[in-house]
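Peer 1: Predicted coordinates and the sequence they were generated for:
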Amino acid sequence: MGSRHLSRSIVLQTLYEWDFLKQNKDAKEIFQRNLKLFGEGLPNKEYSEQLLDGILNQSDQLDKLIISGAPEWPLGQINIIDRNILRIGIFELLFSNSKEVPPKVAINECVELAKTFGGDSSRRFVNGVLGTVYREMEGIIDKKEKNDAN
């Protein structure tokens, strides 16, 4: 398993527990425990720390984009695994360096997480929502570039 994939898995497990406990436990404490349990030998621990910090700091914006990308599904009705995989994916789409994590890689990694940790329909749901969010982002970027050129 690649180090970034393992980092995403550890972050997902951390977010799952944090979300399951209704965000009443310190996510950093959960993360440190999960890092010890599952991240032995992980060469780039900073990536997983930055990913978790970013998701926690941008959670309101990420949740709004999940709602926008899955309008038929109230946020509270999306299962915890899928909701947190979407947070990871949308964060990487919005805030990661696209040269380090190209959008298609971010989406594919989340689909793989959904296959591993989610239910039977998780893979399709995650792929659909992230695809919708990505297409919306592309439209915004294209409009901005056109306006900047004028």
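Peer 2: Looks like it came in fine.
Peer 1: what kind of secondary structure is the residue nearest the centre of the chain in?
Peer 2: In the chain, the C-alpha nearest the mean C-alpha coordinate belongs to I88, at 0.8 Å (Cα atoms, centre = their mean). The three-state assignment at I88 reads helix, by DSSP: H, G, I helix; E, B strand; the rest coil.
Peer 1: All the helices of this structure, residue numbers only.
Peer 2: In the chain, the segments counted as helices under DSSP state H are 3-20, 27-38, 45-57, 59-69, 80-95, 103-117, 122-149.
Peer 1: most tightly surrounded among those?
Peer 2: Taking mean count of other Cβ atoms under 10 Å as the contact definition, the stretch among the helices of the chain with the greatest mean neighbour count is helix 80-95, which reaches a mean of 23. Placement of C-beta: from N, CA and C, glycine included.
Peer 1: what does that helix rub up against?
Peer 2: 8, 11-12, 15-16, 19-20, 51, 54-55, 58-59, 61-63, 65-66, 69-70, 75, 78, 101, 103, 106-107, 109-110, 113-114, 117-119, 122, 125-126, 129-130, 133-134, 137 (Cβ atoms under 8 Å, 6 or more residues apart in numbering).
Peer 1: any idea how far it is from the chain center?
Peer 2: Shown here is helix 80-95, whose average C-alpha point lies 2 Å from the average C-alpha point of the whole chain (Cα atoms, centre = their mean, to the nearest Å).
Peer 1: One more: stretch 110-127?
Peer 2: 12 Å.
Peer 1: ends of that stretch, how far apart?
Peer 2: As for stretch 110-127, its first-to-last residue distance stands at 8 Å under the measure Cα to Cα, to the nearest Å.
Peer 1: No more questions from me, cheers.
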